[in-house]
Every structure is written in C-alpha cells, then in structure tokens.
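In: What shape does this take:
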Amino acid sequence: MDLQAMFQEQETTLYQEWCLRETEEIERKRRSLQEERLKLEDEKRKFEWEKKEYLIQKKAEDRKNEQQQQLFNMKWKMLEDEVKKLASEREQFERDKLYEQQKITPAISVRKGSAGVFFVGVDNSNSLKKRYKDLIKIYHPDNVAGDKTTLQEINSEYAKLRVIFE
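Out: Sure thing, here's the model as predicted:
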C-alpha cells in the first residue's frame with residue numbers, strides 16, 4: 001500500500017504543480033490583457049481629445065470663413081450699388097452733355113459735391129449715413145478686411161460731408 005500511496009502522492013504533487021503553472025500562466029495573461037486595456041483606454045482618451053481639438057479648430061475656421069463671406073457679400077453689394085449709380089450718373093452726364101450741345105439748360109442739375117472716393121454718389125443725409133455705416137462694417141479694424149488708415153479717411157470724409165448736408 002505504501003507504493004500506491006506514494007504514486008497517489010506523486011500524482012497529487014504533479015497535479016498541484018501543473019495547477020500552479022496554469023494559474024501563473026493565466027495570471028500572466030490577465031496582467032498582459034490588463035496592460036493592453038489600459039493602453040487602449042489611453043489611446044481612446046488621446047483620440048477623443050484630438051477629435052475635440054479638431055472640431056474646435058473646424059468651428060473657428062467655419063466662423064472665419066463665414067465672416068469673410070459676409071464681408072465679401074457686403075463689398076459685392078456696395079460694388080453693385082456703385083455700378084448702378086455710375087450707370088445712372090453716366091446717363092445723366094450724357095443727358096447733360098446733350099442739353100449743353102443744344103444750348104438748353106437741364107431741368108435737373110447734378111450735384112457736384114466734394115464727396116471723396118468712399119461717398120461718391122451720395123446726395124442726401126440719409127444716404128450719407130447709410131453709406132457710412134456700411135463702410136464702417138467693412139473697414140473696421142476688428143474685421144478681417146479692417147484697415148485703420150482707411151477708417152480714418154472715411155471718418156474725415158464723413159465729417160466734411162455731414163457739415164455740408166446739415
């Protein structure tokens with residue numbers, strides 16, 4: 001019986017050693033998976049942070065592009081208005097020229113004020129104020145297309161014309 005007990009004891013010892021090795025292997029794999037999970041969580045946090053930064057930058061760029069588009073549209077509208085005024089002034093000039101050639105004084109005389117480049121075609125106080133506001137919106141130094149010297153020129157011309165129209 002001693003031999004059988006010895007085999008049984010040896011078998012139990014081998015089984016326990018095997019269980020110990022398997023347990024150690026399982027624990028090593030568990031630690032490895034835990035480290036991998038932590039690395040993936042760090043990468044996920046980094047990715048989310050980069051995503052937030054990208055969205056913030058994109059939003060800022062979109063706002064800037066929208067502001068530039070608005071300024072462009074305002075300038076374009078002013079240009080269109082000026083072209084229309086220029087066309088009407090040209091027609092008026094042609095009529096005046098025709099009247100002069102016929103030695104007839106025109107019924108409506110064209111007001112030739114001292115308006116500068118920015119206020120060409122302005123002929124009353126209301127249109128002066130409207131043009132001034134539009135120009136300030138475009139050339140204010142806080143805007144993308146803003147320019148301090150241009151704004152000073154606009155202000156000086158406005159002050160001169162305001163005196164004339166009042």
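In: secondary structure element for the residue nearest to the spatial centre of the chain?
Out: Most central residue of the chain, judged by C-alpha distance to the mean C-alpha position with Cα atoms, centre = their mean, is residue 64 at 1.5 Å. In the assignment (DSSP states H and E), residue 64 maps to helix 2-101.
In: residues in contact with the helix or strand following that helix?
Out: Following the chain from helix 2-101 toward its C-terminal end, the next helix or strand by DSSP H and E is helix 125-139. Residues outside helix 125-139 that contact it (Cβ atoms under 8 Å, 6 or more residues apart in numbering) are 71, 74-75, 78, 118-119, 121-122, 143, 145-147, 150-151, 154, 158, 161-162, 165-166. Backbone N, C-alpha and C define where each C-beta goes, glycine included.
In: Now helix 125-139: buried residues?
Out: By 16 or more other Cβ atoms under 10 Å, the buried positions in helix 125-139 come out as 128, 131-132, 134-135, 138-139.
In: re the thing from before, list only buried entries from the contacts of helix 125-139.
Out: For the contacts of helix 125-139, a neighbour count by 16+ other Cβ under 10 Å gives the buried set as 71, 74, 78, 118-119, 121-122, 143, 150-151, 154, 158, 161.
In: need those in TSV with pLDDT and distance to residue 89, can you?
Out: Written out in TSV, the entries for the buried ones among the contacts of helix 125-139 read as follows (pLDDT from 0 to 100; distance: Cβ to Cβ, whole Å):
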residue	pLDDT	distance to residue 89
71	91	26
74	90	22
78	90	16
118	83	16
119	84	13
121	79	7
122	84	12
143	81	29
150	87	23
151	88	26
154	90	21
158	92	21
161	88	17
